[in-house]
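Enquirer: Quick one: sequence and predicted model below, then my questions.
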Amino acid sequence: MPAGDPHEASAGRTRRTVGEYVDAPDHAGPLDGASRLGEAAADGRMVRIGLFPDGRARFRATTCASLVAYAEAACEALEAGVAPARLDAAALRARVAGVHPSHLDRAALVAAAIANAVAHEPP
């Protein structure tokens with residue numbers, strides 16, 4: 001695949017499913033101490049992404065399996081060194097398998113939270 005392709009996340013490996021991400025969300029946790037915080041909300045759903053000085057990424061989200069899966073995949077990618085600007089909705093959808101078609105919009109919410117987190121320099 002060409003460099004920069006949003007589907008590169010799944011090249012050479014099997015994508016994890018919504019169920020796999022929700023079963024073990026390693027990146028769900030407190031956001032206290034994050035140097036950057038981003039939030040996005042729509043239709044009663046909310047996600048917050050925290051980026052920490054030591055390279056960790058954590059999230060908090062309302063209960064929606066697809067939203068949690070996209071947030072978990074995003075934090076995993078951020079910690080692996082993927083630049084925040086490369087984690088748009090299409091790139092997040094490429095990282096998570098088994099999302100119900102009516103829930104694909106949850107990827108845009110997570111992408112917006114990431115973009116909000118990096119939109120401004122930290123204080």
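Expert: Received the coordinates, thanks.

Enquirer: Check the contact between residue 62 and residue 44; I expect there is one.
Expert: Yes. Here residue 62 lies in contact with residue 44, judged by C-beta atoms under 8 Å, at a distance of 7.2 Å. C-beta: built from backbone N, CA, C; applies to glycine.

Enquirer: out of these two, which sits in the busier spot?
Expert: Comparing residue 62 with residue 44 by other C-beta atoms under 10 Å, the one with more neighbours is residue 62, at 13 against 7.

Enquirer: Roughly how far does that one sit from residue 104?
Expert: For residue 62, the distance to residue 104 under the criterion C-beta to C-beta, to the nearest Å works out to 17 Å.

Enquirer: repeat for residue 115
Expert: Per C-beta to C-beta, residue 115 is found 18 Å from residue 104.

Enquirer: and residue 115, how many neighbours does it have?
Expert: Counted by other C-beta under 10 Å, the residues lying close to residue 115 total 16.

Enquirer: if we look at the helix or strand harbouring it, which residues are touching it?
Expert: Secondary-structure assignment from DSSP states H and E places residue 115 in helix 106-118. For helix 106-118, the surrounding residues in contact (C-beta atoms under 8 Å, 6 or more residues apart in numbering) are 36-42, 45, 47-51, 59, 64, 66-67, 70-71, 74, 78, 84-85, 87-93, 96, 99.

Enquirer: Check the offset of that helix from the chain's centre.
Expert: With C-alpha atoms, centre = their mean, to the nearest Å as the basis, the distance from the averaged C-alpha position of helix 106-118 to the chain average is 7 Å.

Enquirer: And for stretch 67-83?
Expert: The offset between the C-alpha centroid of stretch 67-83 and the centroid of the whole chain comes to 4 Å, using C-alpha atoms, centre = their mean.

Enquirer: Which positions within it qualify as buried?
Expert: Judged by neighbour count using 16 or more other C-beta atoms under 10 Å, the buried positions of stretch 67-83 are 67-79, 82.
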